[in-house]
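**Student:** structural data only, the sequence is not supplied:
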Ligand SMILES: [Zn+2]
């Protein structure tokens with residue numbers, strides 16, 4: 001296999017999670033009687049450009065072809081994040097009625113609705129029918145396609161280039177990152193800005209967030225690698241912010257390479273920190289598998305101990321990262337009988353691989369579990385705040401990453 005950015009041969013697998021079904025392939029009761037596809041789940045690091053990437057395995061259309069059940073508006077934490085971003089960027093770039101905002105992966109309109117409300121023209125690009133329909137019902141215009149260079153060229157030919165292009169948690173999910181970045185270059189007006197948010201690979205390594213690895217998440221990015229990918233496409237990273245979302249993300253601000261804006265000192269500072277933490281040396285990646293295995297073992301030991309003590313453990317949050325964790329650990333219903341999730345689109349379905357049923361959160365009050373294991377640890381505070389009544393019967397919250405912890409928050 002060759003690096004998806006620079007084409008160098010990939011010789012370093014530093015995480016092998018065996019094989020797993022696509023993380024967002026939630027199953028219906030009828031699906032449980034049919035075979036389920038499992039694909040290898042491995043991470044490579046490129047020794048030339050340091051892009052961390054999943055192994056090639058299948059056509060990407062196999063992953064996103066079915067009705068993808070993720071709706072951004074289900075998480076209040078994420079909605080608040082979008083509200084703050086929209087306000088900040090509108091002021092920072094001075095966006096108004098003559099501007100155009102394009103969001104790639106507009107999902108259910110969770111973000112662009114703020115620009116619609118402010119009278120700023122916008123266009124969402126979203127291939128998934130269910131979320132696109134939800135966005136349109138909020139008054140957000142949607143182009144129902146995957147973003148690509150060809151789509152960008154078509155838009156540019158009709159005079160549609162953006163003052164702001166937003167990509168929140170899409171950049172790491174595109175199979176051909178070079179082509180996608182070329183598309184951004186084409187879709188961006190002279191003087192325009194692109195902002196991309198993605199989990200920071202430096203934090204993934206630091207906090208052993210191996211459960212954020214799944215097939216649909218093709219690239220694990222550092223500022224250094226993104227700067228390099230931008231450079232090849234004729235773009236430049238002129239600012240960067242570190243965010244708390246998803247256990248540590250970056251928001252990279254890009255512009256055309258020849259843009260007059262100067263580059264913020266925060267870019268150089270973060271590049272230096274990545275260097276200092278060894279992101280460009282194989283040693284930084286060498287003990288990751290052992291650390292991931294320890295986390296997995298600790299979770300298994302915890303669940304087995306709870307079962308032997310006659311305790312009842314419920315899962316919370318049917319998120320992609322939970323599926324990676326449960327499938328790697330081989331956890332089934334005997335150790336975790338069900339997982340609650342607020343998304344009605346997931347309720348009544350089953351987690352891929354583990355086949356653990358997904359139930360509405362109201363079940364917690366009925367069944368009164370001793371422990372609620374929060375799988376999407378990045379929204380622990382939100383889950384605990386919404387379900388603090390669990391403590392009324394002596395229930396406790398637990399998380400497994402970055403270390404097994406009970407009684408958290
Ligand atoms: Zn490379």
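**Tutor:** Structure received. Predicted model, so just to flag it, every value in this text is computed and none were measured. Numbers count the residues shown, from 1 in each chain.

**Student:** ok, and the closest non-adjacent residue to the closest residue to the ion within the stretch 151-300 of the chain?
**Tutor:** When distances are taken as C-beta to the ion, the stretch 151-300 of the chain reaches nearest to the ion at residue 225, 8.1 Å away. Quick note: C-beta positions are derived from backbone N, CA and C, even for glycine. Nearest residue to residue 225 in three dimensions, chain neighbours excluded: residue 51, at 5.0 Å (C-beta to C-beta, 6 or more residues apart in numbering).

**Student:** measure that neighbour to residue 232 for me?
**Tutor:** Counting by C-beta to C-beta, to the nearest Å, the gap from residue 51 to residue 232 is 12 Å.

**Student:** what do these two both touch?
**Tutor:** Jointly contacting residue 51 and residue 232 under the rule C-beta atoms under 8 Å, 6 or more residues apart in numbering are residue 5.

**Student:** those two: who's more crowded?
**Tutor:** A direct count of neighbours by other C-beta atoms under 10 Å for residue 51 and residue 232 places residue 51 higher, at 26 against 15.

**Student:** that one is in contact with residue 7, isn't it?
**Tutor:** No. Under the criterion of C-beta atoms under 8 Å, residue 51 makes no contact with residue 7, lying 10.8 Å away.

**Student:** packing partners of the helix or strand containing residue 398?
**Tutor:** Per DSSP states H and E, residue 398 falls inside strand 396-399. Applying 3 or more C-beta pairs under 8 Å, 6 or more residues apart in numbering; DSSP states H and E, one finds that strand 396-399 makes contact with strand 371-374, helix 380-386, strand 405-406.

**Student:** now with 10 Å, please.
**Tutor:** helix 288-308, strand 313-316, strand 371-374, helix 380-386, strand 405-406 (3 or more C-beta pairs under 10 Å, 6 or more residues apart in numbering; DSSP states H and E).

**Student:** with mean pLDDT added, can I get the ones you listed in CSV?
**Tutor:** Listed next are the helices and strands packed on strand 396-399 as CSV, based on pLDDT from 0 to 100:
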stretch, mean pLDDT
helix 288-308, 98
strand 313-316, 98
strand 371-374, 98
helix 380-386, 93
strand 405-406, 94
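
**Student:** and those: which comes nearest residue 349?
**Tutor:** Proximity to residue 349, assessed across the helices and strands packed on strand 396-399 by C-beta to C-beta, is greatest for strand 313-316 (13.8 Å).

**Student:** and the angle from the helix or strand following the closest one to helix 288-308?
**Tutor:** Next helix or strand after strand 313-316 toward the C-terminus (DSSP H and E): helix 320-329. Counting by axes from the mean of the first three to the mean of the last three C-alpha atoms, to 10 degrees, helix 320-329 lies at 80 degrees to helix 288-308.

**Student:** show residues contacting the following helix or strand past helix 320-329.
**Tutor:** Scanning forward in sequence from helix 320-329 by DSSP H and E, the next helix or strand is strand 339-340. Strand 339-340 is contacted by residues 314-319, 322-323, 326, 346-347, 350-351, 354, 356-364, 367, 369, 372-373, 375, 383, 387 when judged by C-beta atoms under 10 Å, 6 or more residues apart in numbering.

**Student:** filter these down to the buried ones, ChimeraX style.
**Tutor:** Those of these that count as buried under 16 or more other C-beta atoms under 10 Å are selected in ChimeraX with:
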select :314,315,316,317,318,319,322,323,326,346,347,350,351,354,356,357,358,359,361,363,364,369,372,373,375,383,387
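
**Student:** ok, residue 35 - how many residues close by?
**Tutor:** Residues near residue 35, counting by other C-beta under 10 Å: 6.

**Student:** let me know the pLDDT of it.
**Tutor:** On the pLDDT scale, residue 35 is placed at 91.

**Student:** so who does the residue nearest to the spatial centre of the chain touch?
**Tutor:** The chain has residue 169 as the residue nearest its centroid, 5.1 Å off, counting by C-alpha atoms, centre = their mean. The contact partners of residue 169, by C-beta under 10 Å, 6+ apart, come to 70, 72, 78, 105, 107, 196-199, 217, 245-246, 249.

**Student:** farthest pair in those residues?
**Tutor:** Farthest pair in the contacts of residue 169, by C-beta to C-beta: 70 and 196, 18.5 Å.

**Student:** if you count surrounding residues, which of the two has more?
**Tutor:** residue 196 (26 against 21).

**Student:** doesn't that one fall inside a helix?
**Tutor:** No. Checked against DSSP: H, G, I helix; E, B strand; the rest coil, residue 196 lies outside a helix; its state is strand.

**Student:** residue 188 is in contact with that one, correct?
**Tutor:** No. Taking contacts as C-beta atoms under 10 Å, residue 196 lies outside contact range of residue 188: 11.9 Å.
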